[in-house]
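**Q** I'd like to go over a predicted model; first the sequence, then the structure.
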Amino acid sequence: MLHTPFHKFHLDRGAKMVEFAGWEMPIMYTSIIEEHQHVRHAAGMFDVSHMGRVHFKGPEARKFLERLCTRRVHDMAPGQCRYSLVCNEQGGVKDDVLIYRYGEDEFMLVVNASNRAKLLAHFNAVRGSLRLEIDDRTEKTGMLALQGPKVIPLVADFSDEIPALKNYRFCVKNLVLFKVTISRTGYTGEDGIEIILPANMASKAIGMMLDKAGSAKDLVRPIGLGARDTLRLEAGMPLYGHEMDEQTDPISAGLNFGINLDKDEHELGETFIGQAALKRIASEGPKNRLVGLFLDGKRTARQGMKIVRGDQPVGRVTSGCLSPTLGKAIAMGYVPAELSEPGTVVQVDLGRTLVEATVTTIPFYKRPKKS
């Protein structure tokens with residue numbers, strides 16, 4: 001298995017390690033519920049170095065990304081991030097990604113760990129004769145996510161620039177020996193930042209960050225992937241391999257905000273892969289829709305469990321958990337469009353029993369607005 005630059009850090013703190021997409025990663029340090037609640041109330045530090053980081057540079061890098069991604073790229077400013085999708089010709093999702101624009105002809109995509117190898121092959125196929133360099137820097141760098149309501153106030157003690165970043169913006173900090181990319185992004189439903197830095201400096205940097213926190217050190221705790229999953233589920237954030245795959249289109253998944261179906265009207269005829277298929281789906285309306293579900297009782301639904309209406313299976317669960325924040329069993333899943341209205345009552349087949357579930361809007365949780 002691959003190891004992130006923070007592997008020793010995890011072992012030294014007694015993390016329970018598991019295999020994830022070919023990487024040995026911490027699932028938890030104490031308990032998923034405790035770590036989940038700490039992120040909701042204070043600050044959590046996640047090792048997300050397993051995520052792919054691929055750079056694109058050259059005179060036709062932007063044109064390549066316009067073809068590859070469902071979002072417009074030409075109107076991104078340097079220092080801006082943008083959520084997008086990479087689709088196949090049928091409109092199915094190959095991956096959801098974050099686009100970073102560093103300059104006129106320099107970009108980065110952050111991609112899911114499980115899709116990195118597949119996407120690298122896809123990038124080379126799409127590139128054709130376009131003039132650009134593709135540089136996979138995943139194993140040359142590390143990536144940390146600091147998430148929670150205490151993160152930005154804590155960072156403000158050490159930097160004026162980072163707290164001033166707007167959501168989906170980033171800056172590059174030139175330190176003595178290396179550069180660090182810091183973005184106002186995350187995958188928990190909380191405010192926070194994500195940091196990309198050279199692998200050979202990563203272990204030293206994580207120690208420096210915790211040391212600099214000083215008396216506030218207990219505010220920042222390492223958090224495993226288990227809590228990252230329950231946090232993103234409460235926030236209604238889809239996960240590749242659960243809510244998305246190559247047989248599922250992003251419109252059915254409710255990700256319309258990540259698609260510019262009129263991209264060709266702004267890009268001199270340039271279209272993205274899958275655009276024609278997604279236009280048809282948008283015009284006709286998706287047959288199935290991703291919904292949230294509140295389940296009766298405390299038993300949790302798991303991926304693949306059937307959603308039932310009457311005595312007929314009508315859909316499937318994609319993710320589920322007992323929400324640590326809400327104290328309720330929640331799930332996401334696909335149902336026919338006509339059953340997607342909030343308040344619709346269905347059942348979930350938990351194996352030995354059927355439980356009632358009520359369709360609800362996503363997300364289940366939104367962070368409190370600042371007063």
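**A** Nice, thanks for sending it over.
**Q** When you work out contacts or count neighbours from here on, use the C-alpha atoms and nothing else.
**A** Fine.
**Q** Distance check, the nearest residue to residue 328 once chain neighbours are set aside against residue 294.
**A** Residue nearest to residue 328 in three dimensions, not counting chain neighbours: residue 322, with 5.6 Å by Cα to Cα, 6 or more residues apart in numbering. From residue 322 over to residue 294 the distance is 10 Å, taken as Cα to Cα, to the nearest Å.
**Q** which residues are common contacts for those two?
**A** The contact sets of residue 322 and residue 294 overlap at 328-330 (Cα atoms under 8 Å, 6 or more residues apart in numbering).
**Q** Just give me the neighbour total for residue 218.
**A** Residues lying near residue 218 (other Cα atoms under 10 Å) number 11.
**Q** residues touching it, list them.
**A** Not one residue lies near residue 218 by Cα under 8 Å, 6+ apart.
**Q** Confirm it sits in a helix?
**A** Yes - assessed with DSSP: H, G, I helix; E, B strand; the rest coil, residue 218 lies in a helix.
**Q** For it, report the pLDDT, please.
**A** At residue 218, the model reports a pLDDT of 76.
**Q** just residue 256 next, same as before
**A** Listed pLDDT for residue 256 reads 97.
**Q** ok, and the closest non-adjacent residue to it?
**A** Nearest to residue 256 is residue 250, by Cα to Cα, 6+ apart, at 6.8 Å.
**Q** Just say helix, strand or coil for the one you found.
**A** coil.
**Q** What is the neighbour count of it?
**A** Here the number of neighbours of residue 250 (other Cα under 10 Å) works out to 28.
**Q** so what's it up against?
**A** Counted by Cα under 8 Å, 6+ apart, residue 250 has contacts 85, 91-93, 244, 256.
**Q** tell me which residues in the helix or strand where residue 152 lies are buried?
**A** For residue 152, the host element (DSSP states H and E) is helix 151-155. Residues of helix 151-155 classed as buried: 151-152, 154-155 (neighbour count, 16 or more other Cα atoms under 10 Å).
**Q** again with stretch 156-166
**A** Quick answer for stretch 156-166 (16+ other Cα under 10 Å): 162-163, 165.
**Q** Any chance of the buried residues of helix 151-155 in JSON lines with pLDDT and distance to residue 108 as columns?
**A** Formatted as JSON lines, those follow (pLDDT from 0 to 100; distance: Cα to Cα, whole Å):
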{"residue": "151", "pLDDT": "94", "distance to residue 108": "25"}
{"residue": "152", "pLDDT": "94", "distance to residue 108": "24"}
{"residue": "154", "pLDDT": "88", "distance to residue 108": "27"}
{"residue": "155", "pLDDT": "87", "distance to residue 108": "24"}
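**Q** now, which of these sits nearest residue 222?
**A** residue 151 (13.0 Å; Cα to Cα).
**Q** in the stretch 251-371 of the chain, which segments are predicted with low confidence?
**A** The model of the stretch 251-371 of the chain has pLDDT under 70 over residues 266-269, 371.
**Q** Specify the local secondary structure of residue 67.
**A** Under the three-state scheme (three-state DSSP), residue 67 adopts helix.
**Q** who touches the closest residue to it other than its chain neighbours in this structure?
**A** Excluding its sequence neighbours, the residue lying closest to residue 67 (Cα to Cα, 6+ apart) is residue 272, at 4.2 Å. Applying Cα under 8 Å, 6+ apart, we find residue 272 in contact with 66-70, 263.
**Q** Could you measure from residue 272 over to residue 100?
**A** 18 Å.
**Q** can you check residue 351 too?
**A** With Cα to Cα as the criterion, residue 351 and residue 100 are 44 Å apart.
**Q** that older thread, nearest to residue 134, of the shared contacts of residue 322 and residue 294?
**A** For these, the closest approach to residue 134 (Cα to Cα) belongs to residue 330, at 40.3 Å.
**Q** who does the closest one bridge with?
**A** Counting by DSSP bridges, residue 330 forms beta bridges with residue 294, residue 321.
**Q** Off-centre distance for whichever strand or helix holds residue 45?
**A** Using DSSP H and E, residue 45 sits within strand 43-47. The chain centroid and the centroid of strand 43-47 are separated by 15 Å, computed with Cα atoms, centre = their mean, to the nearest Å.
**Q** again with stretch 119-128
**A** Once both centres are worked out by Cα atoms, centre = their mean, stretch 119-128 turns out to sit 22 Å from its chain's centre.
**Q** Just the buried positions in that stretch, please.
**A** By 16+ other Cα under 10 Å, the buried positions in stretch 119-128 come out as 119-120, 127.
**Q** ok, back up a step: for residue 351 and residue 100, work out which one has more neighbours and name it.
**A** residue 100 (26 against 9).
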